[in-house]
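A.B. asks: what's the 3D shape of this:
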Amino acid sequence: MKEIIVKNYKETKGAQQGEGKNKFTVKPVIPAEAVNKCSANFVEVEPGNTAYGYHWHEANEEVFYIISGEASVKTENGEIRLKQGDAIFFPADVKGSHVISNPSETEKLVYLDFGTANRPDIVHFTGTQSGMAISEDGKIYMFGK
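C.D. replies: Numbers count the residues shown, from 1 in each chain. Have a look, this model is predicted:
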């Protein structure tokens, strides 16, 4: 499927992810079946919550652009605070380890998660012996403890 796609984060339907009270919503800009060389999702994180876990990719780089709200990003070099209009880049390497959270008590964090879509890819959950492998056809395999 090769076509121009236009999406607005306020109008795009999403799917809730997360565990327990820690929930976040992922709204695809590019449908999963159309992802080829890059991926893009709007992500909404409620106050006090975190999106995804602390991780890094072997094959894929990511860029987060803060649309609204504020963010706290844990990295290998410490915490980085972001505000509306900021962008942050994560290399495909352990030095790109990251997890983003919403430190606000009242305001939702909305950001664009854009990155390469190289497959296969190995995602390491930083500080653990676990992760996931993403195959060429997009299947996910969990590994480790």
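
A.B. asks: going forward, measure contacts and count neighbours with C-alpha atoms only.
C.D. replies: Fine.

A.B. asks: Correct me if wrong: T126 contacts H55.
C.D. replies: Yes - in this structure T126 lies within contact range of H55 using C-alpha atoms under 8 Å: 4.9 Å.

A.B. asks: Who is the spatially closest residue to I140 that is not a sequence neighbour paired with across the strands?
C.D. replies: Leaving aside its sequence neighbours, I140 sits nearest to I134 (C-alpha to C-alpha, 6 or more residues apart in numbering; 4.7 Å). With beta bridges defined as DSSP bridges, I134 has these partners: D121, I140.

A.B. asks: what about the most centrally placed residue in the chain, which helix or strand?
C.D. replies: For the chain, D113 is the residue whose C-alpha lies nearest the centre (C-alpha atoms, centre = their mean; 5.3 Å). Applying DSSP states H and E as the criterion places D113 in strand 109-116.

A.B. asks: tell me what that strand is packed against?
C.D. replies: strand 38-45, strand 62-68 (3 or more C-alpha pairs under 8 Å, 6 or more residues apart in numbering; DSSP states H and E).

A.B. asks: deepest of these, which one?
C.D. replies: Most buried of the helices and strands packed on strand 109-116, by mean neighbour count (mean count of other C-alpha atoms under 10 Å): strand 38-45, with a mean of 22.

A.B. asks: just checking, next helix/strand downstream of it?
C.D. replies: strand 50-57.

A.B. asks: Sheet partners, orientation included, of that following strand?
C.D. replies: strand 98-101 (antiparallel), strand 121-125 (antiparallel).

A.B. asks: and the longest one, average pLDDT?
C.D. replies: For strand 121-125, the mean per-residue pLDDT is 97.

A.B. asks: go on, stretch 22-39?
C.D. replies: Here the average pLDDT along stretch 22-39 is 93.
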